[in-house]
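> Structural data only, the sequence is not supplied:
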């Protein structure tokens, strides 16, 4: 399952680069082409940004599943005692 974390990380970086590149290219598309094409580029940038966030959440979910945080208690039950952790 380690390859899932690596795959999510690579896809996250790729979609981040694509989102930033499209956001930068949108300026030139708006200047030199019609506004419809510029809006299409901006929407694609949003889609790639959403994919980046999705893969970030999947990566964090996989990392938490593999290495869960220790129990800490809450404001009602108080701190977890060392003998209760196991």
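Everything's here; your move. Model, not experiment: these values are computed from the prediction.
> Residue 52 is in contact with residue 15, correct?
Yes. Using CB atoms under 8 Å, residue 15 is in contact with residue 52, at 4.0 Å. No exception for glycine: its C-beta is placed from N, CA and C like everyone else's.
> okay, now residue 24: neighbour count?
11 (other CB atoms under 10 Å).
> what separates it from residue 3, distance-wise?
With distances taken as CB to CB, to the nearest Å, residue 24 is found 32 Å from residue 3.
> what do you get for residue 45?
Taken as CB to CB, the span from residue 45 to residue 3 is 28 Å.
> try residue 42
Applying CB to CB to residue 42 and residue 3 gives a distance of 33 Å.
> next one: residue 64
Residue 64 is 17 Å from residue 3, by CB to CB.
> These two - which one has more neighbours?
Taking other CB under 10 Å, residue 64 and residue 3 do not tie; residue 64 has more neighbours (10 against 7).
> List the buried residues in the one helix or strand that one maps to.
In the assignment (DSSP states H and E), residue 64 maps to helix 35-66. Buried residues in helix 35-66, defined by neighbour count with 16 or more other CB atoms under 10 Å: 38, 41-42, 44-45, 48-49, 51-52, 55-56, 58-59, 62.
> right, and the secondary structure at residue 70 would be what?
coil (DSSP: H, G, I helix; E, B strand; the rest coil).
> What's the per-residue pLDDT of it here?
If you check residue 70, the pLDDT there is 70.
> And residue 8, by the same measure?
At residue 8, pLDDT is 89.
> which residue packs closest to it, ignoring adjacent ones?
residue 59 (3.7 Å; CB to CB, 6 or more residues apart in numbering).
> which ones are touching that neighbour?
Shown in contact with residue 59 (CB atoms under 8 Å, 6 or more residues apart in numbering): 5, 8, 9, 12.
> Point me to the helix or strand that includes the third one.
Under the criterion of DSSP H and E, residue 9 resides in helix 2-32.
> buried stuff in that helix?
Buried residues in helix 2-32 (16+ other CB under 10 Å): 8, 11, 12, 15, 16, 18, 19, 22, 23, 26, 29.
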